[in-house]
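# Here's my sequence, what's the structure:
(one chain, ligands or ions: 2)
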Amino acid sequence: MSGHGTPIRMSSHASTGLSGEAAIPGDKSISHRALILGALAVGETTVTGLLEGEDVLDTAKAMRAMGAEITRDEDGTWHIHGVGTGGFAEPEQVIDCGNSGTGVRLIMGAMASSPITATFTGDASLNKRPMARVTDPLALFGAQAVGRSGGRLPMTIVGARDPLPVRYEVPVPSAQVKSAVLLAGLNAPGETVVIEREATRDHSERMLAGFGATISTDVTNEGRIITLQGQPELKPQSIAVPRDPSSAAFPVCAALITEGSDILVPNIGLNPTRAGLFTTLREMGADLTYENQREEGGEPVADLRARFSPNLKGISVPPDRAASMIDEYPVLSVVAAFAEGKTEMHGVKELRVKESDRIDAMATGLRACGVTVDEGEDWLTVTGLGHGNVPGGATCASHLDHRIAMSFLVLGLATQKPVAVDDGGPIATSFPVFEPLMKALGANIRRD
Ligand SMILES: O=C(O)C1=C[C@@H](OP(=O)(O)O)[C@@H](O)[C@H](O)C1
Ligand SMILES: C=C(OP(=O)(O)O)C(=O)O
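Residues are numbered from 1 along each chain as shown. Ligands and ions are numbered 1, 2, ... in the order given. Now for the predicted structure:
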């Protein structure tokens with residue numbers, strides 16, 4: 001959905017003793033992919049645990065506009081009747097992907113090797129984000145893109161009539177770019193090969209294999225070489241979406257900085273391409289444990305127990321961990337403010353092209369709350385003040401960015417003065433139950 005209407009001002013206030021269980025909604029990355037691959041399969045895919053956030057609902061709308069039949073039962077089970085590889089219909093209207101980079105980039109990839117034309121737009125945040133990173137490789141398949149200057153939305157993609165398979169080395173660590181190329185490769189004859197130097201989340205590879213595509217990954221000195229055989233018949237699946245570690249990060253970090261807290265966050269995926277934050281927090285001395293570790297649907301899963309951790313230490317987070325925690329740096333920078341010493345985050349320039357420039361948004365808001373932050377193009381350093389010493393007392397701009405809004409609301413739970421955000425509306429894109437879930441744990445979060 002483009003825009004979020006009237007801004008929702010929210011604030012958070014000193015809290016103690018967060019407790020109880022936090023039932024985190026479904027994984028956003030996996031939910032987008034379940035809808036798109038379900039729409040390209042032949043027959044009915046069922047999905048339980050789908051994230052019903054705005055980003056994913058916009059992807060469901062787009063898949064309907066391209067011919068898939070999608071329904072939801074009252075119990076929350078989704079049914080997708082797919083059109084088959086290469087079977088997308090030309091949408092009659094502009095496709096509005098709202099706030100979602102994942103949605104627009106994956107859908108562009110999925111339609112780029114079909115003989116249809118589609119025009120994409122989004123909200124004020126998405127329309128600022130770079131799209132050349134996907135349209136460059138999609139041009140190699142034979143697709144054409146015409147957008148605003150700088151490769152921005154709104155943008156029209158004319159899909160290739162006779163797509164060619166592609167060999168492409170992804171120039172930035174991005175699962176969205178990798179996935180767009182793989183999805184385009186589905187309707188190209190022969191082998192499409194994607195090479196990534198740094199491992200990024202591998203949900204597309206796992207799910208393509210689950211839908212019956214022939215796909216393999218070779219780990220070499222050059223990086224990961226992913227090979228997909230084009231034009232498979234995708235077989236419908238029954239998918240149980242695991243819970244989102246990127247959403248779990250917020251109550252976990254809140255418990256670590258809030259005095260007297262002890263919470264359980266059950267059933268969180270610990271796929272190594274996603275779990276970098278939890279490794280980092282443990283290195284900082286967080287009382288964060290994995291209980292009941294097990295495998296579910298081929299993914300490592302655990303119940304996370306997070307307890308108040310008064311003796312956190314600043315550390316240097318290595319650049320090769322960035323992809324596995326890319327969406328978690330905003331909330332890590334909040335935890336870092338309560339640690340002793342500096343927390344250095346390196347190799348994070350991708351944060352500058354998310355829903356907002358997240359380095360700038362966090363640096364500005366943290367400084368307004370009395371925290372010293374240094375930043376460069378590719379790094380961020382937060383000088384921790386230790387528990388009890390972070391002043392707070394500012395209204396922070398969320399810049400249409402859900403993770404920025406949630407991060408500052410976590411900050412205010414343990415600062416000396418309350419912290420407000422100018423607009424909590426974007427939280428509904430990825431974590432629609434954030435507010436009631438946090439309040440149920442005992443967080444003093446309000447709408448002003
Ligand atoms: O593929 C995905 O589902 C995602 C990839 C990441 O983006 P990039 O590919 O831009 O790194 C991440 O930030 C985003 O929230 C979800
Ligand atoms: C970057 C994010 O999402 P997207 O790129 O899909 O907008 C995010 O959820 O933090």
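# use CA for all of it now, contacts and neighbours both
Will do.
# Near ligand 1, which residues of the stretch 51-200 of the chain? Just list them.
Contacts of the stretch 51-200 of the chain with ligand 1, taken as Cα under 6 Å from any ligand atom, map to Thr102, Ser174, Ala175, Gln176, Val177.
# give me the element the residue of the stretch 1-150 of the chain found nearest ligand 1 is part of.
Minimum separation of the stretch 1-150 of the chain from ligand 1 (Cα to the nearest ligand atom) falls at Ser29, amounting to 3.7 Å. Assigned by DSSP states H and E, Ser29 belongs to helix 28-40.
# Quick one: check that helix for contact with ligand 2.
No: figure legend: helix 28-40 not in contact with ligand 2 (Cα under 6 Å from any ligand atom); closest approach 7.5 Å.
# Arg294: how many residues sit nearby?
14 (other Cα atoms under 10 Å).
# same question for stretch 286-296, mean pLDDT?
Averaged across stretch 286-296, the pLDDT comes to 94.
# Stretch 435-448 too?
pLDDT averaged over stretch 435-448 gives 98.
# likewise stretch 122-131?
Mean pLDDT, computed over stretch 122-131, is 98.
# List the buried residues of that stretch.
Gly122, Asp123, Ala124, Ser125, Leu126, Asn127, Lys128, Arg129, Pro130, Met131 (16 or more other Cα atoms under 10 Å).
# who touches the helix or strand hosting Ser247?
Using DSSP H and E, Ser247 falls within helix 245-257. Under the contact criterion Cα atoms under 8 Å, 6 or more residues apart in numbering, helix 245-257 has outside partners 18, 22, 24-25, 27, 261-263, 265, 268-270, 274-275, 277, 286-287, 305-310, 327-328, 331-332, 335, 338, 387, 406-407, 410-411, 413-414, 430-431, 438.
# Now intersect the residues of the stretch 51-200 of the chain next to ligand 1 with the helices, please.
Under the assignment DSSP state H, those contribute Thr102, Ala175, Gln176, Val177 to helices.
# I'd like to know how many residues surround the third one.
Counted by other Cα under 10 Å, the residues lying close to Gln176 total 22.
# just checking, it touches Arg105?
Yes: assessed by Cα atoms under 8 Å, Gln176 is found in contact with Arg105 at 6.3 Å.
# about what we covered before: can you point out the buried residues in the helix holding Ser247?
Buried, per 16+ other Cα under 10 Å, within helix 245-257: 245-257.
# Return the member of those residues nearest to Tyr168.
Proximity of the buried residues of helix 245-257 to Tyr168 (Cα to Cα) peaks at Ser246, which lies at 28.2 Å.
# From Ile268, how far out is that closest one?
Ser246 is 10 Å from Ile268, where distance means Cα to Cα, to the nearest Å.
# ok, Ala89 - contacts?
Ala65, Met66, Gly67, Ile116.
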